[in-house]
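[1] below is the sequence, then the predicted model.
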Amino acid sequence: MEENKAKISNFKDFMVIGLGRFGKTIAKSLSENGKEVVAIDIDPEVIKTVQSEVSSAVVANALGTDVLKSLGIENFDCVVIGIGSDIQSSILITLTCKELGIPYIVAKAKNDQHKKILEKIGADLVIVPEYFMAKKVASMLANPNVYEVMKLTDEFKIIEIKTPPKWQNKSIIELDLKKKYQVIINFLKTGEEIITPNGETILHEGDILVIAGDVSNLNKVLNKIDDPIDIEDSITGNYSTSVEGD
């Protein structure tokens, strides 16, 4: 697993099998990030919706070694299996990919039991969207004005936050967050421009701050912000909460 994690940044060629909401989103996002993506689904109508947005879109039933070999699956760095509702097909395709020596296998699971089976037969990364989204929504409910950019460790995060009204028209040195809370404003997005701020930088309404620090210190900062916020708008703005189906 560690070896696969080390390789993942070099992946260029992806095959996505199963184009429900999960698979289609991954296929399009990978393509937008400059990756070569072959998308596969059994439904011709589904294929039509993605064929202009990926390298290649193929109508095929991915069950069976011969079919996958004919599609050149052994030449891909990573295969994403987006089939979740048909557990048997998900397991069989994952097993076939493992037997064919695919370097990295990502699979969607319907539930924890499905996840355990996929991991047992060799999937490198298994995602249960409902669990993932529940964690994200819980985080947003706890801190609706915060978007977690990166969790480096259990105790250290990088977050995005809209400039609260109390901070607007003040300089970073006036706020003195580093001294008061031991957190740092790494970047500031103002309009379409991203800058590295200094002490004299003035914060304005609409500015997005990227802040890093220990979780406990970040929470101290957030607890000082009691400005009202539309929670529904915040959640839907940061995350898609559609987690049902494939």
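    Arrived safely.
[2] what helix or strand is residue 222 on?
    Using DSSP states H and E, residue 222 sits within helix 215-223.
[3] so for that helix, what gets flagged as buried?
    Under the neighbour-count criterion of 16 or more other Cβ atoms under 10 Å, helix 215-223 has 217, 218, 219, 220, 221, 222 buried. C-betas here are computed from N, CA, C, even on glycine.
[4] check stretch 176-188 too.
    Neighbour-count burial for stretch 176-188 [16+ other Cβ under 10 Å]: 177, 181, 183, 185, 187, 188.
[5] the second one against residue 217, yeah?
    Yes - the pair residue 181 / residue 217 is scored as a contact, 4.9 Å apart, by Cβ atoms under 8 Å.
[6] now stretch 44-58: average pLDDT?
    The average pLDDT for stretch 44-58 rounds to 95.
[7] return the distance of it from the chain's centre.
    Centroid separation for stretch 44-58 versus its chain: 22 Å, with Cα atoms, centre = their mean, to the nearest Å.
[8] residues making contact with that stretch?
    For stretch 44-58, contacts defined as Cβ atoms under 8 Å, 6 or more residues apart in numbering pick out 16, 19, 24, 27-28, 31, 36-41, 59, 71.
[9] pull out the buried members of those.
    With neighbours counted by 16+ other Cβ under 10 Å, the contacts of stretch 44-58 contain buried members at 16, 19, 24, 27-28, 31, 36-41, 71.
[10] quick one, helices of the chain?
    Here the chain has its helices, by DSSP state H, at 2-7, 21-32, 44-50, 65-70, 87-99, 112-120, 129-142, 172-175, 177-181, 215-223, 231-238.
[11] identify the bridge partners of the nearest residue to residue 187 once chain neighbours are set aside.
    Setting aside the residues directly before and after it, residue 187 is nearest to residue 210 in space (Cβ to Cβ, 6 or more residues apart in numbering), at 4.1 Å. Note on residue 210: beta-bridge partners by DSSP bridges are residue 160, residue 187.
[12] pLDDT score assigned to residue 210?
    Looking at residue 210, its pLDDT is 90.
[13] repeat for the one 5 residues further on
    Among the per-residue scores, residue 215 holds a pLDDT of 85.
[14] relative to residue 176, how far out is it?
    Applying Cβ to Cβ, to the nearest Å, the value for residue 215 to residue 176 is 20 Å.
[15] over to residue 65?
    In terms of Cβ to Cβ, residue 65 sits 63 Å off from residue 176.
[16] closest to residue 11 out of the buried residues of stretch 176-188?
    Residue 11 lies nearest to residue 187 out of the buried residues of stretch 176-188, by Cβ to Cβ, at 26.9 Å.
[17] my read: the closest one touches residue 207, true?
    No - if you go by Cβ under 8 Å, residue 187 and residue 207 don't touch, sitting 10.5 Å apart.
[18] contacts only, for residue 23.
    Neighbours of residue 23 in contact, by Cβ under 8 Å, 6+ apart: 16, 17, 39, 41, 80, 82, 83, 108, 246.
[19] and stretch 77-86, what's buried?
    Under the neighbour-count criterion of 16+ other Cβ under 10 Å, stretch 77-86 has 77, 78, 79, 80, 81, 82, 83, 84 buried.
[20] for the closest residue to residue 110 other than its chain neighbours, what are its contacts?
    Residue nearest to residue 110 in three dimensions, not counting chain neighbours: residue 84, with 4.8 Å by Cβ to Cβ, 6+ apart. Listed by Cβ under 8 Å, 6+ apart, the contact set of residue 84 reads 18, 20, 22, 90, 108, 109, 110, 114, 129, 245, 246.
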